[in-house]
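J.: What follows is a predicted protein model with its sequence.
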Amino acid sequence: MASIKWGYQAGKQRYKCNNCGILFTSSNKAVSNSNRFVWFEKWVLERRTIEELSLSSGYSARTLRRYFYEYLSKPPVLSVYPSRQVNLLIDGTYFKDGLCLILYRDNTIKYTQLYRLTDGEWFEELAEDLSNLLKLGVQVESITSDGHKALLKAIKLVCPKVPTQRCVVHIQRMCRIWLSNKPKSDAGKKLRLIVSKIHLITSPQERDYWLVELVQWYEVYKDFVNQKTINPDTGRYWFTHKMVRRSFMVIRNALPDMFHYLYNPRIPKSTNGLESFFGHLKGHLNVHRGLSYQHKRQFIQWYLYFKNQRSGFL
């Protein structure tokens, strides 16, 4: 069909048919879809509401909502990047409606190798995920976690030879909560000082000095730590100073896996990187508080996909 250019309409080139005189504008559906997808990516990653994007894009809020919900309904599947010497961060986070997101993130390249949307951190699911990662060619050099019992059990079953680094910041944080800011007992006050040094340990020598300090503390206060209160009627007992004891026992039980990072600089000593990632994700979801449960799940899937894409390994 022969035509000539005939000015612009709404910023688009307009044409006139030489045969019938009809005025029209051309459209490229592929380009149009691509342009709409750009706004969808901004909606997912840039904490911008549909109303804000409507002002920038020229689309109505109603139209954008229709497009975005259509994209949400077709979430992508993450691709595993089968790299060598993968130092995994594994942790879960919970959302208000009971949804639990578990991430398996490569700390070196900042890439989410695997995720699971579920309702809790269950041994069977964690073991299945770890097995799948190994089958897909991910060579796990280390795993850093907060020490959740189900996860430790799954690691022991699936990859028992992989060093499991306990998050030292998590240990420190929990002990501070249990001991409080101002412990009443001398044992609590001195243990809190010892706990405050955990994240500062950067060499085997510093670790040894710290261990000596911990052992000396226990020798002085072991009777206090192990003191029991007995119910004369039932004969049942409990530890009198349970918060001090709980803090010490957490450290003692974690000691075999607290300092792997001292011998391999690639091993992260904490899961802070994941906690920061979770914080950003929840911040984005808070901007879109009206999402249904299903749309929230799909939004998370797209968010993880786009984040991996921006890491440069997709």
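T.: Looks like it came in fine. Numbers count the residues shown, from 1 in each chain.
J.: Around the nearest residue in space to Asp97 that is not next to it in sequence, how many other residues sit close by?
T.: Spatially, and ignoring its direct neighbours in sequence, Asp97 is nearest to Tyr293 (5.7 Å; CB to CB, 6 or more residues apart in numbering). In short, each C-beta sits where N, CA and C put it, glycine included. Tyr293 is flanked by 11 other residues according to other CB atoms under 10 Å.
J.: Touching, Tyr293 and Leu99? I think so.
T.: Yes. Between Tyr293 and Leu99 there is a contact under CB atoms under 8 Å: 7.2 Å.
J.: shaky segments in the stretch 201-314 of the chain?
T.: Scanning the stretch 201-314 of the chain with the threshold set as pLDDT under 70 gives 313-314.
J.: Spell out the residue ranges of the strands in it.
T.: 228-230, 237-239 (DSSP state E, counting those that start in this stretch).
J.: who wins for proximity to Ala150 among those?
T.: strand 237-239 (25.1 Å; CB to CB).
J.: That closest one pairs with which strands, parallel or anti?
T.: strand 228-230 (antiparallel) (DSSP bridges).
J.: Report the contact partners of Val287.
T.: Neighbouring residues of Val287 by CB atoms under 8 Å, 6 or more residues apart in numbering: 47-49.
J.: Drop anything exposed from the residues you listed.
T.: Arg48 (16 or more other CB atoms under 10 Å).
J.: from the contacts of Val287, which is closest to Val244?
T.: Lowest distance from Val244 to those (CB to CB) belongs to Arg47, with 42.9 Å.
J.: which one is the closest one nearest to, not counting chain neighbours?
T.: Arg47 sits nearest to Val287 (CB to CB, 6+ apart), 4.8 Å away.
J.: Please enumerate the strands of the stretch 51-200 of the chain.
T.: 86-94, 100-106, 111-118, 140-145, 164-166.
J.: Including mean neighbour count and mean pLDDT, could those go into a markdown table?
T.: Output for the strands of the stretch 51-200 of the chain, formatted as a markdown table (neighbours: other CB atoms under 10 Å; pLDDT from 0 to 100):
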| stretch | mean neighbour count | mean pLDDT |
| --- | --- | --- |
| strand 86-94 | 22 | 96 |
| strand 100-106 | 22 | 97 |
| strand 111-118 | 19 | 96 |
| strand 140-145 | 22 | 97 |
| strand 164-166 | 24 | 97 |
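J.: Just send those strands back as TSV, with distance to Arg310 too.
T.: Formatted as TSV, the strands of the stretch 51-200 of the chain follow (distance: least, CB to CB, whole Å):
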stretch	distance to Arg310
strand 86-94	18
strand 100-106	14
strand 111-118	10
strand 140-145	23
strand 164-166	27
